[in-house]
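[1] The following block contains a protein sequence and its predicted model.
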Amino acid sequence: MMEDRKRVVRRVASIVAWWSLYGLMMATQIVGITSPAGTQLTWSGALSYAYGSVWPWIPMTIAIYFLASTFPLGRKDWWRSLAIYVVAIGVFIVCKGAYAYYTNPIFGWYSVLPSFRDVLVSSVSNNMMLGWMVVGVAHGVVYYERTQERDRVLADLERSLVNARLEALRSQLNPHFLFNALNSVAELMRLDVDQADRMLVAICEMLRDSLKSHDAPERRLGEELHQLTSYLTIEEIRLGDRMSSTIEAEETCLDIPVPVLSLQPVVENAIVHSIARTREPGWVSVKCWIDGSDLQICIKNSTCARFDRPHSGNGIGLRLVADRLTLLYGDRGRIRHGRLADDVYEVRIAVPIPGGLHEATDG
């Protein structure tokens with residue numbers, strides 16, 4: 001909000017400065033010539049005449065700028081926007097004619113003041129073209145600002161993806177995580193070779209996904225769930241009877257794009273800060289379904305009743321997911337989390353479906 005206010009102040013100041021400079025340039029061109037009243041213009045007279053002529057354009061330009069920000073001329077509803085500018089320029093032409101008529105004794109626009117109707121006709125010929133030029137320049141400024149804003153959002157998204165990748169690598173390639181996983185493999189080699197083999201395969205799958213180039217900010221939900229399955233396999237084998245997990249996803253959901261690495265940080269948060277902190281059996285469930293024009297992802301986990309604050313970690317995972325949802329989808333991407341009961345915690349993510357779907361299922 002503060003940044004928007006500063007941007008508006010800067011834009012208004014730029015408009016005032018532009019027309020003031022334009023008035024100064026006009027004064028340098030007309031100083032020394034004879035005014036319509038028959039007197040030779042001095043510097044003070046030229047400045048008064050020039051600024052009296054151009055300063056009424058300041059409120060007009062400010063108004064057109066804000067209209068261009070709200071009703072830009074484009075392919076959508078262009079006729080409505082065009083009508084708005086026709087009316088705005090028409091109103092200004094009338095106001096400019098009235099201004100010239102009533103300030104003639106001050107500035108001497110006419111040696112002999114004509115009728116109000118003639119002044120209005122003169123205002124049309126003098127201000128129509130310049131009015132549309134102001135509309136064009138205002139649109140150029142607005143489009144430039146929006147391009148800058150899109151570039152800023154893309155830069156923020158790139159930084160978010162880099163941070164997400166670093167965070168994922170930190171989680172997946174963390175020496176402590178690998179030590180626990182490989183230590184479990186070593187123990188299982190003496191007890192259950194099949195389980196040891198499953199864990200090694202899951203570790204390789206996670207490493208392969210971590211080193212894969214994720215240049216795009218999104219990927220299919222099916223790929224995201226595949227990566228999550230490898231992570232859950234490792235944790236289930238490592239924690240044994242202390243943890244179980246389920247993943248349910250409708251077939252129609254699997255091709256829907258979701259932010260890269262948007263599920264593992266949430267699930268990892270549940271395991272590290274709830275399930276792994278107690279010897280009591282715990283569980284994690286992931287369910288995905290289509291609800292109207294959104295993909296709904298619900299992640300639930302058990303919590304120990306004696307922990308007043310589940311997910312009491314630093315919250316980096318949830319913040320990363322929330323940031324990526326906002327950058328990619330704006331207000332349409334949402335994440336909510338909180339207790340459903342004393343021993344159940346839920347995180348729900350809503351991802352808009354590109355182009356929408358005609359079929360909706362109730363989750």
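    Structure received.
[2] Show me where the stretch 201-350 of the chain has its helices.
    221-239, 264-273, 316-329 (DSSP state H, counting those that start in this stretch).
[3] For P352, give the beta-bridge partners.
    With DSSP bridges as the criterion, P352 is bridged to D294.
[4] That one reaches D294, doesn't it?
    Yes. Counting by C-beta atoms under 8 Å, P352 touches D294, with 5.7 Å between them. Every C-beta, even on glycine, is put in place using the N, C-alpha and C of the backbone.
[5] Now for the two: what residues contact both?
    R332 (C-beta atoms under 8 Å, 6 or more residues apart in numbering).
[6] just for the stretch 101-250 of the chain, where's the confidence low?
    For the stretch 101-250 of the chain, the stretches with pLDDT under 70 are 162-178, 210-215.
[7] Can you tell me the SS state at A181?
    helix (DSSP: H, G, I helix; E, B strand; the rest coil).
[8] which residues of this protein fall in strands?
    218-220, 243-249, 257-259, 282-291, 294-302, 334-341, 344-352 (DSSP state E).
[9] now the ones you listed in TSV, with mean neighbour count and distance to W109?
    TSV is the format used below for those (neighbours: other C-beta atoms under 10 Å; distance: least, C-beta to C-beta, whole Å):
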stretch	mean neighbour count	distance to W109
strand 218-220	16	61
strand 243-249	16	74
strand 257-259	23	62
strand 282-291	20	66
strand 294-302	22	61
strand 334-341	13	59
strand 344-352	20	57
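[10] right, so of those, which gets closest to L200?
    Among the strands of the chain, the nearest to L200 by C-beta to C-beta is strand 243-249 (18.9 Å).
[11] who touches the closest one?
    Contacting residues not belonging to strand 243-249 are listed as 221-222, 225, 228-229, 232, 235-236, 271, 275-276, 281-289 [C-beta under 8 Å, 6+ apart].
[12] quick one, what contacts the residue nearest to M206 when sequence neighbours are not counted?
    Leaving aside its sequence neighbours, M206 sits nearest to S230 (C-beta to C-beta, 6 or more residues apart in numbering; 4.8 Å). S230 makes contacts with A202, I203, E205, M206, D209, as judged by C-beta under 8 Å, 6+ apart.
[13] Of the residues you listed, which is the most crowded?
    M206 (25 neighbours; other C-beta atoms under 10 Å).
[14] list the contacts for V91?
    Per C-beta under 8 Å, 6+ apart, neighbours of V91: none.
[15] ok so, going back, mind giving me TSV with the helices of the stretch 201-350 of the chain and columns for distance to M128?
    Below are the helices of the stretch 201-350 of the chain laid out as TSV (distance: least, C-beta to C-beta, whole Å):
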stretch	distance to M128
helix 221-239	56
helix 264-273	59
helix 316-329	43
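[16] Just name the most buried of these.
    helix 264-273 (a mean of 22; mean count of other C-beta atoms under 10 Å).
[17] From the contact counts, what lies against that one?
    helix 116-172, helix 221-239, strand 282-291, strand 294-302, helix 316-329, strand 344-352 (3 or more C-beta pairs under 8 Å, 6 or more residues apart in numbering; DSSP states H and E).
[18] and the closest residue to Y22 other than its chain neighbours, what does it touch?
    Computed as C-beta to C-beta, 6+ apart, the closest residue to Y22 that is not its neighbour in sequence is V54, at 5.4 Å. Listed by C-beta under 8 Å, 6+ apart, the contact set of V54 reads W19, Y22, G23, M26.
[19] Would you enumerate the residues in contact with L325?
    So L325 contacts P259, S262, G333, R334, I335, I349, V351 (C-beta under 8 Å, 6+ apart).
[20] sorry, back to before: just checking, which of the contacts of V54 belong to helices?
    Mapping these onto helices (DSSP state H) picks out W19, Y22, G23, M26.
[21] My read is that the last one contacts A50, right?
    Yes. Taking C-beta under 8 Å as the contact criterion, M26 and A50 are neighbours in contact, 4.0 Å apart.
[22] neighbour-wise, which of these two wins?
    Neighbour tally, M26 and A50, criterion other C-beta under 10 Å: the higher count belongs to A50, 23 against 17.
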